[in-house]
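>>> have a look at this prediction, sequence included:
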Amino acid sequence: MRADIQIGVSAMSDILILLSQTITTDTYGNEVVTEQEKQIYCKVDSISQSEFFAAADTELNPQYKFTVFFGDYHGEDTVKYKGTRYAIYRTYRTGDDLELYAERKIGA
């Protein structure tokens, strides 16, 4: 077997944290937001030049394309990569993989 070929999950060597929120009500009727983190493997790529300029027309600020296993993603709209939060603004499925396009957004 050739050592220079990476197949499937072995090509996904970076860690991405998916963030989801659960809203519950406390004893006084106040909403309490709890954030859950789920750590998954991903492949990280820079945004292409065409993606960057197309997004600029819509006032988005694209930063990364994260490729993850389709089964790991459940519609989360915020991720954390290397301690920084990013908002997911677009997804694209290719077979068993899912591309998550992320932007740096204040308040994300």
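Structure received.
>>> what's the neighbour count on residue 12?
Residues lying near residue 12 (other C-beta atoms under 10 Å) number 20. Backbone N, C-alpha and C define where each C-beta goes, glycine included.
>>> kindly report the same for residue 84.
A count of nearby residues for residue 84, using other C-beta under 10 Å, gives 12.
>>> same question for residue 79.
Residue 79 has 25 nearby residues by other C-beta under 10 Å.
>>> before we move on, what SS does residue 52 have?
What DSSP: H, G, I helix; E, B strand; the rest coil gives for residue 52 is helix.
>>> settle this for me: it is touching residue 61, isn't it.
No - proximity of residue 52 to residue 61 does not meet the contact threshold set by C-beta atoms under 8 Å, at 9.2 Å.
>>> please enumerate the strands of this structure.
Assigned by DSSP state E, the strands in the chain fall at 14-25, 31-46, 62-69, 78-81, 84-94, 97-103.
>>> mean pLDDT added to the ones you listed, as a markdown table?
As requested, these are arranged in a markdown table below (pLDDT from 0 to 100):
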| stretch | mean pLDDT |
| --- | --- |
| strand 14-25 | 95 |
| strand 31-46 | 95 |
| strand 62-69 | 94 |
| strand 78-81 | 96 |
| strand 84-94 | 94 |
| strand 97-103 | 95 |
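>>> and residue 21, what does it touch?
By C-beta atoms under 8 Å, 6 or more residues apart in numbering, the contact set of residue 21 is 33-36.
>>> export those residues to a markdown table and tack on distance to residue 27?
Formatted as a markdown table, those follow (distance: C-beta to C-beta, whole Å):
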| residue | distance to residue 27 |
| --- | --- |
| 33 | 16 |
| 34 | 15 |
| 35 | 21 |
| 36 | 22 |
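>>> with distance to residue 67 and neighbour count as new columns, can those residues be given to me in CSV?
Output for the contacts of residue 21, formatted as CSV (distance: C-beta to C-beta, whole Å; neighbours: other C-beta atoms under 10 Å):
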residue, distance to residue 67, neighbour count
33, 29, 8
34, 28, 9
35, 24, 9
36, 22, 10
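>>> need the max-distance pair from these.
Greatest spatial distance in these: 33 and 36, 10.7 Å, computed using C-beta to C-beta.
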